[in-house]
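Trainee: The sequence and its predicted three-dimensional model are supplied below.
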Amino acid sequence: MFKKLVILLVLVYLPAMLIMMTGCEEEQAPKVTFERKDSYISTPPKRITYKSPITYSSPKPLKSSPMDRFGVPADWIPPHGIERKWTAIVLHHSASLTGSASVFDDFHRNQYGWEGVGYDFVIGNGHGSGDGEVEVTFRWTRQKTGAHCKTSRNNWANEKAVGICLVGNFNNTRPTPAQMAAAVKLVKYIQNRYNIPNSRVYGHNTTPFAVTKTDCPGKLFPMSRLKGML
Ligand SMILES: [Zn+2]
């Protein structure tokens, strides 16, 4: 009998007492919180972006500058009121494998102490700027005296000739077809605007009264072919 009483006490009474002492187990149970979930919703984990260690040196896409009604890029047209009377065109090569107007601007500024890039136009070869991309420099947009071909006779070439540089070393290679096409279009535009004959389209090395002896625009530069395309 006593044994039964003890079992009853253990099985029924003690748990009942415990419940009374501690209250409802359900109430006492710690609330399930979803902190992780909540914080996940408010601040999603950062996406893991995969960065390829390989950088591709594909040529920059050609900038498409707006054209005027004759199909001439708008930035080729000199600002009204400050336009100079240009009488010749001098062609150069950069004598480098790569380049762009900003690269030459930096170089001419820092190495030579010039105001900036010496050319009016730079035609890219796909390395540093687009293949056949024509970049217009401040020399042209502000109609400034160039710094591309020093000559005796009042520095006439820098004062009167438009300086165009094609990126490349044409002692070793030739201009790309896209560069040639761009050069033809640009030279033709300048010729038409200022009534410049082919005989006044020079390479740097054949510019009358040039001070510096140079092979620019390079031994392989196809000057006669270019003139045949004008
Ligand atoms: Zn030159």
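Mentor: Right, received. Where do you want to start?
Trainee: Can I get the helix ranked longest in the chain in CSV, CA atoms only?
Mentor: Ranked by number of residues, the top helix in the chain under DSSP state H is helix 177-194. Extracted C-alpha coordinates of helix 177-194, given in CSV (Å, rounded to 0.1, in the frame of the first residue of the first chain):
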residue,chain,number,x,y,z
PRO,A,177,42.3,49.5,-92.9
ALA,A,178,40.0,51.3,-90.4
GLN,A,179,42.7,53.9,-89.7
MET,A,180,43.2,54.5,-93.4
ALA,A,181,39.4,54.9,-94.0
ALA,A,182,39.2,57.3,-91.0
ALA,A,183,42.3,59.3,-92.2
VAL,A,184,40.8,59.6,-95.7
LYS,A,185,37.5,60.8,-94.4
LEU,A,186,39.1,63.3,-92.0
VAL,A,187,41.7,64.7,-94.5
LYS,A,188,39.0,65.0,-97.2
TYR,A,189,36.8,67.0,-94.8
ILE,A,190,39.6,69.4,-93.9
GLN,A,191,40.7,69.7,-97.5
ASN,A,192,37.1,70.6,-98.6
ARG,A,193,36.6,73.0,-95.7
TYR,A,194,39.8,75.0,-96.3
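Trainee: Show the average pLDDT along it.
Mentor: With pLDDT averaged residue by residue, helix 177-194 scores 97.
Trainee: Buried ones in it, by neighbour count?
Mentor: 178-180, 182-187, 189-191, 194 (16 or more other CB atoms under 10 Å). (C-beta placed from N, C-alpha, C; glycine too.)
Trainee: I'd like the next helix or strand past it.
Mentor: Counting by DSSP states H and E, the element after helix 177-194 in chain order, helix or strand, is strand 201-203.
Trainee: partners of that next one, with directions?
Mentor: Sheet pairing of strand 201-203 (DSSP bridges) gives strand 88-93 (parallel).
Trainee: about what we covered before: relative to the ion, which of the buried residues of helix 177-194 is nearest.
Mentor: residue 183 (14.2 Å; CB to the ion).
Trainee: tell me the contacts of the closest one?
Mentor: Neighbour list for residue 183: 91, 123, 164, 166, 175, 226 [criterion: CB atoms under 8 Å, 6 or more residues apart in numbering].
Trainee: could you redo these as TSV and give each row neighbour count and secondary structure?
Mentor: Formatted as TSV, those follow (neighbours: other CB atoms under 10 Å; DSSP: H, G, I helix; E, B strand; the rest coil):
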residue	neighbour count	secondary structure
91	31	strand
123	31	strand
164	24	strand
166	26	strand
175	26	coil
226	19	helix
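Trainee: Columns distance to the ion on top of these, output as CSV?
Mentor: Shown next, in CSV, are the contacts of residue 183 (distance: CB to the ion, whole Å):
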residue, distance to the ion
91, 8
123, 13
164, 10
166, 10
175, 14
226, 15
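Trainee: need the residues of the protein near the ion, please.
Mentor: Residues of the chain lying close to the ion by CB under 5 Å from the ion are 92, 204, 216.
Trainee: Which residue comes closest to the last one once chain neighbours are left out?
Mentor: It stands for residue 216. residue 204 (3.9 Å; CB to CB, 6 or more residues apart in numbering).
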